[in-house]
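Undergrad: below are the sequence and a predicted model; questions follow.
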Amino acid sequence: METRWDAAGVEGGGCGQERSLASARHGALTDADLAAGSRLARELDVASVCIKPYYVLRAAELLAGSGVAVGTTIGFPHGGHVTSIKAAESAQAMKDGAGELDMVVNIGKVLSKDWRYV
């Protein structure tokens, strides 16, 4: 298996032997920060970036041909979106170039043990 690195230069970890560029998950990042993070991900050959949903298309453009997967969150942060909204978010993200989706389950429903809803 090819060695992959995270943004801090740490080998392995995460899912299997790959790690995502965790800094791209920060909610206060600007477009310039997201572009810089995407360029860093390409430079360090990380497995993936998790990027804000609206920036998936641009990140996919910046990372095209690099082998770095683009991912995003669905229903973030509390999973309170109804299923149809999560489905629409997912469809848009995939259309924009996301290859990984991090969908948040409805936390309140989990805490209530409403498994039928979940």
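TA: Ah, there it is. Numbering: from 1, shown residues only.

Undergrad: walking through the protein, point out its helices one by one.
TA: Ranges of helices within the chain are 31-44, 56-63, 83-96, 107-111, based on DSSP state H.

Undergrad: those into TSV, with extra columns for mean neighbour count, distance to Pro77 and mean pLDDT?
TA: All C-beta atoms are positioned from the backbone trio N, CA, C, and that covers glycine. Shown next, in TSV, are the helices of the chain (neighbours: other CB atoms under 10 Å; distance: least, CB to CB, whole Å; pLDDT from 0 to 100):
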stretch	mean neighbour count	distance to Pro77	mean pLDDT
helix 31-44	16	18	94
helix 56-63	20	17	97
helix 83-96	15	13	97
helix 107-111	12	9	94
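
Undergrad: is it possible to export the ones you listed to TSV including distance to Gly71?
TA: Putting these into TSV (distance: least, CB to CB, whole Å) gives the following:
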stretch	distance to Gly71
helix 31-44	11
helix 56-63	8
helix 83-96	8
helix 107-111	20
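
Undergrad: among those, which is nearest Ile74?
TA: Ile74 lies closest, by CB to CB, to one member of those: helix 83-96, at 4.8 Å.
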